[in-house]
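J.: Show me the folded form of this:
(one chain, ligands or ions: 1)
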Amino acid sequence: MKENPHLIIFNENKDTRGCLVAIEGGNNIPFEIARVYYIYNTPQNIERGFHAHRNLMQVLIAVNGIIEVTCEYHGQKSFYLLDSPKKGLLLSGLVWRTMKFVSDDSILMVLADTYYDESDYVRNYNDFITLEQNFLSGFLHERA
Ligand code: TYD
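T.: Alright, predicted model coming up:
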């Protein structure tokens with residue numbers, strides 16, 4: 001597994017008719033796709049997300065517009081500007097994420113490796129921090 005989160009740049013098939021990007025599960029993204037959802041008609045600068053997942057893998061793509069994604073993983077914050085349908089942001093598991101829909105024409109398409117499962121969500125930030133600390137102390141304990 002590469003670093004988490006991780007930006008993927010897709011190949012673009014571009015000609016005079018426009019552009020085409022193809023995404024193949026297990027090929028240019030590292031999982032088979034079980035679910036696709038998209039978020040649209042968002043008010044300008046609205047923020048969504050504010051959760052993490054216990055196990056889910058997802059790729060986030062701004063198929064239109066501009067979306068800023070802020071992530072927190074293992075105590076480190078990172079920031080990604082999704083401003084092209086060629087960019088996919090891979091998030092795996094326990095990443096706290098917020099997505100800001102900068103332009104009102106923004107459309108966020110998400111590819112996920114499992115069906116929707118509310119029990120996989122961590123929606124409380126303090127619970128997220130506790131899970132992270134448990135993970136890190138287990139990791140350090142294993143190395144000792
Ligand atoms: P929510 O998790 O609040 O969206 P965001 O990630 O932007 O914060 O989801 C909004 C609603 O949609 C919520 O009632 C759950 C539902 N939903 C599904 O039914 N299936 C799905 O795959 C997803 C992602 C959400």
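
J.: Do a quick rundown of the helices in the chain.
T.: 125-143 (DSSP state H).

J.: Point out the residues in it that sit beside the ligand.
T.: 35, 37, 39, 48-49, 116 (Cβ under 6 Å from any ligand atom). (Glycine included, C-beta is placed from N, CA and C.)

J.: What is the nearest of the residues you listed to Gly18?
T.: Ile39 (23.3 Å; Cβ to Cβ).

J.: my read: that closest one touches Gly65, true?
T.: No - counting by Cβ atoms under 8 Å, Ile39 stays clear of Gly65, with 10.8 Å between them.

J.: Strands of this protein, start to end?
T.: 6-9, 13-15, 18-20, 35-39, 46-53, 57-64, 67-73, 76-82, 87-92, 96-101, 107-112, 121-122 (DSSP state E).

J.: out of those, which comes closest to Phe139?
T.: Among the strands of the chain, strand 67-73 comes nearest to Phe139, with 13.3 Å by Cβ to Cβ.

J.: in that closest one, what's buried?
T.: 67-69, 71-73 (16 or more other Cβ atoms under 10 Å).

J.: same check, this time on stretch 91-99
T.: Buried residues in stretch 91-99 (16+ other Cβ under 10 Å): 91-97, 99.

J.: Helix or strand with the lowest mean pLDDT in this structure?
T.: helix 125-143 (a mean of 87; mean pLDDT, DSSP states H and E).

J.: Output that helix as PDB - backbone C-alpha positions only.
T.: Only the C-alpha atoms of helix 125-143 are listed here, as PDB (Å, rounded to 0.1, in the frame of the first residue of the first chain):
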ATOM      1  CA  TYR A 125     -14.000  13.300  15.900                       C
ATOM      2  CA  ASN A 126     -13.100  12.300  19.500                       C
ATOM      3  CA  ASP A 127     -13.900   8.600  18.600                       C
ATOM      4  CA  PHE A 128     -11.600   9.000  15.600                       C
ATOM      5  CA  ILE A 129      -8.700  10.300  17.800                       C
ATOM      6  CA  THR A 130      -9.200   7.400  20.200                       C
ATOM      7  CA  LEU A 131      -9.100   4.800  17.400                       C
ATOM      8  CA  GLU A 132      -6.000   6.400  16.000                       C
ATOM      9  CA  GLN A 133      -4.300   6.400  19.400                       C
ATOM     10  CA  ASN A 134      -5.300   2.800  20.000                       C
ATOM     11  CA  PHE A 135      -3.900   1.900  16.600                       C
ATOM     12  CA  LEU A 136      -0.600   3.800  17.100                       C
ATOM     13  CA  SER A 137      -0.100   2.400  20.700                       C
ATOM     14  CA  GLY A 138      -0.700  -1.100  19.300                       C
ATOM     15  CA  PHE A 139       1.700  -0.500  16.500                       C
ATOM     16  CA  LEU A 140       4.400   0.800  19.000                       C
ATOM     17  CA  HIS A 141       3.700  -2.100  21.300                       C
ATOM     18  CA  GLU A 142       4.300  -4.600  18.500                       C
ATOM     19  CA  ARG A 143       7.600  -3.000  17.600                       C
END
